[in-house]
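Asks: pasting the sequence and the predicted coordinates here, then a few questions.
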Amino acid sequence: MNEKTEKLVKKIGILKEKLNAVILVHNYQNPEIQDIADFTGDSLGLSKKAASTRADVIVFCGVDFMAETAKILSPSKTVLNPAPDAGCPMADMITAQELMEFKKEYGPATVVSYVNTTAEVKAESDVCCTSSNAVKIVNSLEDDRVIFTPDRNLALYVHSKSNKEIIAWDGFCPVHDSIDVEKVKETMKKYPGAPLMAHPECRPEVLKLACYVVSTSGMFDVPLEDNSKEFVVGTEQGMIYPLSKKFPDRKFMPAADGIICPNMKKTTLEKILLCMENLTGQIELPPDIIKKASLSLEKMLDLS
Ligand code: 13P
Ligand code: SF4
């Protein structure tokens, strides 16, 4: 750690005490951000932490829908997003108005929305899901007809594990959807025998090659049950750092070059310090949206 980083980390630590703050960090964040986290995790793990923390202030290092989810689950707390311009293009692929029209066209059906959605879309949904519990949530529904938004790849993956009729919105993650299956095959040829673990936001042809289809946190369980020395990782390349840190005797290779979510890289230590000093980047949502969106999120937490 260089001197500048050390100073920043120290100042953040002092402010954390003063504010009674907790720092929640998504698994894709840059290493120096993961290193100051009180908790790192996937969307489900982070939602659970946000719902149960005793801190007064949540500093959420991820993208906007994640910080919004924290606010919906803990509305009385101050939730700070150090990089308010860090969005998720997939979450912006459906609006509440579009969902209402889709429901009119294809309903009646139970609406399951991936947590990668705006608060307004969550408010129009019956239940939320994340990449780690989507199959479980859909299969636990009484209804046999499901509208699934916004990720078509996750919807297809869930469909492969369920007998329900799934009507999918045509959204996608630009980062995972652009992972080229031919490039993945080349990587797998280079590391014969190394199993592929892939995120369910990848296209079906990539998932077909995978031994493990898992959420980002689910990837930490794979080396515990699989003794392979090398693994190919089909998700945002930020995952390579925490996997290599947790399993120093294994090798983790990105499935292809340049699998980077630019929004996840917008958070810096400087921005974290600044938002904690000035209480900027506060998440504010209309109370009626919080109330409605919390129902679909809490239903997810009850079912998972
Ligand atoms: P996880 O919930 O698996 O961490 O995924 C979140 C995400 O945005 C993946 O692109
Ligand atoms: Fe959104 Fe994809 Fe980035 Fe995840 S990796 S935050 S789904 S754009």
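Replies: In hand now; what should we look at? Ligands and ions are numbered 1, 2, ... in the order given.
Asks: distance of the nearest residue to Leu243 once chain neighbours are set aside from ligand 2?
Replies: Of all residues not flanking Leu243 in the chain, Phe252 sits nearest, at 4.6 Å (C-beta to C-beta, 6 or more residues apart in numbering). Every C-beta, even on glycine, is put in place using the N, C-alpha and C of the backbone. Computed as C-beta to the nearest ligand atom, to the nearest Å, the Phe252 to ligand 2 distance reads 17 Å.
Asks: hang on, Phe252 in a strand?
Replies: Yes. Using DSSP: H, G, I helix; E, B strand; the rest coil, the assignment for Phe252 is a strand.
Asks: for it, list the residues it contacts.
Replies: For Phe252, the contacting residues are Glu230, Phe231, Val233, Met239, Ile240, Leu243, Ser244, by C-beta atoms under 8 Å, 6 or more residues apart in numbering.
Asks: what's the helix or strand for the nearest residue in space to Lys77 that is not next to it in sequence?
Replies: Once flanking residues are discounted, Lys77 sits nearest to Ile58: 5.6 Å by C-beta to C-beta, 6+ apart. Using DSSP states H and E, Ile58 falls within strand 57-61.
Asks: starting from that strand, tell me which strands it pairs with and how they run.
Replies: strand 21-26 (parallel), strand 78-80 (parallel) (DSSP bridges).
Asks: so does the first one get close to ligand 2?
Replies: So the one you mean is strand 21-26. No. Applying C-beta under 6 Å from any ligand atom, one finds strand 21-26 out of contact with ligand 2, separated by at least 7.9 Å.
Asks: show residues contacting that strand.
Replies: For strand 21-26, the surrounding residues in contact (C-beta under 8 Å, 6+ apart) are 12, 15-16, 33-34, 36-43, 46, 49-50, 53, 55-63, 66, 70, 216, 264, 272, 276.
Asks: how about the strands in the stretch 101-250 of the chain?
Replies: Counting by DSSP state E, counting those that start in this stretch, the stretch 101-250 of the chain has strands at residues 110-114, 127-129, 145-149, 165-168, 196-198, 212-213, 230-234.
Asks: looking at the ones you listed, which is closest to Lys104?
Replies: Among those, strand 145-149 comes nearest to Lys104, with 10.9 Å by C-beta to C-beta.
Asks: what does the closest one contact?
Replies: For strand 145-149, the surrounding residues in contact (C-beta under 8 Å, 6+ apart) are 94, 99, 102-103, 106-114, 117, 121, 125, 138, 154-155, 158, 164-169, 171.
Asks: okay, now the sheet partners of it, with direction.
Replies: Short version: by DSSP bridges, strand 145-149 pairs with strand 110-114 (parallel), strand 165-168 (parallel).
Asks: dump the C-alpha coordinates for it into PDB.
Replies: What follows is strand 145-149, C-alpha atoms only, in PDB (Å, rounded to 0.1, in the frame of the first residue of the first chain):
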ATOM      1  CA  ARG A 145     -47.000 -18.400 -15.500                       C
ATOM      2  CA  VAL A 146     -44.100 -16.000 -14.800                       C
ATOM      3  CA  ILE A 147     -43.100 -12.700 -16.300                       C
ATOM      4  CA  PHE A 148     -39.400 -12.400 -15.800                       C
ATOM      5  CA  THR A 149     -37.600  -9.100 -16.100                       C
END
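Asks: now that strand: mean pLDDT?
Replies: Averaged across strand 145-149, the pLDDT comes to 98.
Asks: what is the burial count for the residue of the stretch 101-250 of the chain found nearest ligand 2?
Replies: Nearest to ligand 2 in the stretch 101-250 of the chain, going by C-beta to the nearest ligand atom, is Cys173, at a distance of 3.3 Å. Residues contacting Cys173 under the criterion other C-beta atoms under 10 Å number 25.
Asks: I'd say it and Pro89 touch.
Replies: Yes. Using C-beta atoms under 8 Å, Cys173 is in contact with Pro89, at 7.5 Å.
Asks: near ligand 1, which residues of the stretch 151-300 of the chain are found?
Replies: Looking at ligand 1, the residues of the stretch 151-300 of the chain close enough under C-beta under 6 Å from any ligand atom are Cys173, His199, Glu201, Ser215, Thr216.
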